[in-house]
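Asker: okay, structure incoming, though there's no sequence with it:
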């Protein structure tokens, strides 16, 4: 598999580069889920970043068709083999920020994350992190997900009412994210919590998979209203199943009303 060859080359090149102290790998391959469609993802920790050329470093791995910094500050390579690589280049002091990930990701695969660790510094950081699988069913997390859903849902409702269909479809993406988190909680399917759509076809019930599809509208106004109304009804069910705090259930029941299909269609 080409991805495995890229990973091995990153490891080999980093070992030979005196400026590289450690490489942390994350993503599908540390979980044993990587395949020929997967990305490769790394944090590369340098002793000195002053005159470091990240593109030049990545080009030594494989020929690069495109290299740029995305909106999250991640340097992304698209290799000529059409494999995506994500690279974060930092200094050895940046290793400490890994500790701030606790509670957001699980460190059960920490040993596989240490692709290169020349002086043991990365091991010290990872070993100091308690491997505790986050409890996504914690009442505080359930409340936060419900609040996030309501926030996105109100925004979407107002855009549909205004007749801004394209904007409403975009906003529905945020609704889908939190709606899906509620579904995963209800189905006890939190294995891929950080990437909630991953493996969704196999990890939630067919019933809830169908209901999730209802939250994916087209630009058509009638379809937007349909998606809104179906998501509203499904959200009420989820709020009850998850015992969402009463104040939030009351807010959803009392202040979010159905959209009449076609009522706000853009006039020709």
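Answerer: That came through fine. A quick note: this is a predicted structure, and the numbers were derived from the prediction, not measured.

Asker: where do the helices sit along the stretch 1-150 of the chain?
Answerer: 2-16, 54-59, 110-113, 121-127, 139-162 (DSSP state H, counting those that start in this stretch).

Asker: pull the contacting residues for residue 11.
Answerer: Contacts were defined as CB atoms under 8 Å, 6 or more residues apart in numbering; by that measure residue 11 touches 23, 115-116. (Glycine included, C-beta is placed from N, CA and C.)

Asker: dump those into TSV; add neighbour count and distance to residue 148 as well.
Answerer: Formatted as TSV, the contacts of residue 11 follow (neighbours: other CB atoms under 10 Å; distance: CB to CB, whole Å):
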residue	neighbour count	distance to residue 148
23	24	34
115	22	34
116	21	37
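
Asker: and the strands in the stretch 51-200 of the chain?
Answerer: With DSSP state E, counting those that start in this stretch as the criterion, the stretch 51-200 of the chain has strands at 64-69, 75-79, 84-91, 114-117.

Asker: returning to that earlier point: what's the least confident stretch among the helices of the stretch 1-150 of the chain?
Answerer: Averaging pLDDT over each of the helices of the stretch 1-150 of the chain singles out helix 110-113 as the lowest, with a mean of 82.

Asker: nearest to residue 229, of the strands of the stretch 51-200 of the chain?
Answerer: Each of the strands of the stretch 51-200 of the chain has some distance to residue 229 by CB to CB; the shortest is strand 84-91, at 37.2 Å.

Asker: now do the closest one against helix 2-16, angle only.
Answerer: Orientation note: strand 84-91 sits at an angle of 20 degrees relative to helix 2-16 (axes from the mean of the first three to the mean of the last three CA atoms, to 10 degrees).

Asker: count of residues packed around residue 120?
Answerer: The burial count assigned to residue 120 is 12, neighbours taken as other CB atoms under 10 Å.

Asker: typo on my end, residue 55
Answerer: Going by other CB under 10 Å, the residues that sit close to residue 55 add up to 12.

Asker: so what's it closest to, chain neighbours aside?
Answerer: Leaving out its chain neighbours, the residue that sits closest to residue 55 by CB to CB, 6 or more residues apart in numbering is residue 67, at 4.9 Å.

Asker: for that neighbour, which residues are in contact?
Answerer: The contact partners of residue 67, by CB under 8 Å, 6+ apart, come to 55, 58-59, 75-78.

Asker: buried subset of those?
Answerer: Listed as buried from those are 58, 75-77; burial here means 16 or more other CB atoms under 10 Å.

Asker: from those residues, pick the one nearest residue 128.
Answerer: Of the buried ones among the contacts of residue 67, the one sitting nearest to residue 128 (CB to CB) turns out to be residue 75, at 27.2 Å.

Asker: quick one: distance of stretch 96-113 to the chain centre.
Answerer: 15 Å (CA atoms, centre = their mean, to the nearest Å).

Asker: kindly report the same for stretch 236-246.
Answerer: With CA atoms, centre = their mean as the basis, the mean position of stretch 236-246 lies at 24 Å from the chain mean.

Asker: could we number from 129 for the rest of this?
Answerer: All set: I'll call the first residue 129, so the last point we hit is now stretch 364-374.

Asker: and it, how far apart are its ends?
Answerer: Length of stretch 364-374, first residue to last, CA to CA, to the nearest Å: 12 Å.

Asker: pLDDT averaged over it - what is it?
Answerer: Per-residue pLDDT values over stretch 364-374 give a mean of 96.

Asker: pull the residues that contact that stretch.
Answerer: Outside of stretch 364-374, the residues within contact range by CB under 8 Å, 6+ apart are 267, 270-271, 274, 307, 310-311, 313-314, 376-377, 380-381.

Asker: on that earlier part again, select, out of the helices of the stretch 129-278 of the chain, the one closest to residue 387.
Answerer: Across those, the minimum distance to residue 387, taken as CB to CB, is reached by helix 267-290, at 5.7 Å.
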